[in-house]
Every structure is written in structure tokens, then in C-alpha cells.
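In: Prediction below, plus the sequence it came from.
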Amino acid sequence: MSRMSGVNRLPVEKYSCPNCETGLDDDQVRHSWRCPECNDYVHVWAHDPDTDTKITLIRKRGDEIEEGDLIHLPGQLTKDCYWVLGTSQVKDKVGIGLKGYGQFKVLPDEPVNCRIGGG
């Protein structure tokens, strides 16, 4: 099993590629979170009926996180997201500097939820 398939999720998720304008299913995307046709990031429309949270995400590897990304910490998809101020190598991990949080460390191939819009 790929580490990317172990990402935090909300109960209702739909997947699509904005470039190919096609809907995708979980089996097509969960190991890389990229479109199988064009290799662009898959957009994830996610909804939590319990909190009525609706968000749009992309899922990146830890080593793909960039300054300016908005990320959700593990287990916090229905809570605030954090602005990425920068990244650095910290031994075998990627250190992600987050505004209002400090540094959060992930493995290079660990999945990170990046917010790109509301629901």
C-alpha cells in the first residue's frame, strides 16, 4: 500500500481532474492523487455532513509542499488551515513552516491535504 493512500479524508469525497474535465474514482487516484491521464493534481471536493464542512483540496506529497500553500494538519480537515511560509530539510523529513503554528514535520512521501477552495 502506498503511503499516499493513508491520507486523512472526510466522509463524502468526489474526485475530478480540472484539465481533463473528467470525474475519477477512488481506485484511480488514491495512490498518487494525480490524474491518470495528464498527471496533474486531482481536485477533491470533500464534505463532512456532521459539521457541514465543505472544502476543495489537492493532496500533495510532503516534498511537494511550497511556500504559499494552505495545509490542514492531520485530523483537522474540519478546522483551520495554515499558510506555508517555507520548507526545509530536517534529517529524513521535510520541515514545513506554518504561520501561527510553527514547524510541522512530514516524511517526503507523506500525504498532505492542501486547501484550494471552499465547497
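Out: Thanks, I have the structure now. Numbers count the residues shown, from 1 in each chain.
In: remind me which residues of this structure are low pLDDT?
Out: With pLDDT under 70 as the threshold, the chain has low-confidence stretches at 1-6, 118-119.
In: could you say which helix or strand contains Q28?
Out: Per DSSP states H and E, Q28 falls inside helix 26-29.
In: Can you give the contact residues for that helix?
Out: For helix 26-29, the surrounding residues in contact (C-beta atoms under 8 Å, 6 or more residues apart in numbering) are 13, 15, 35-36, 42. The C-beta positions use only the backbone N, C-alpha and C, and glycine is treated the same way.
In: any idea how far the residue nearest to G62 when sequence neighbours are not counted lies from L98?
Out: Residue nearest to G62 in three dimensions, not counting chain neighbours: V106, with 3.7 Å by C-beta to C-beta, 6 or more residues apart in numbering. Note on V106: its distance to L98, by C-beta to C-beta, to the nearest Å, is 11 Å.
In: How far does stretch 96-106 stretch from one end to the other?
Out: As for stretch 96-106, its first-to-last residue distance stands at 8 Å under the measure C-alpha to C-alpha, to the nearest Å.
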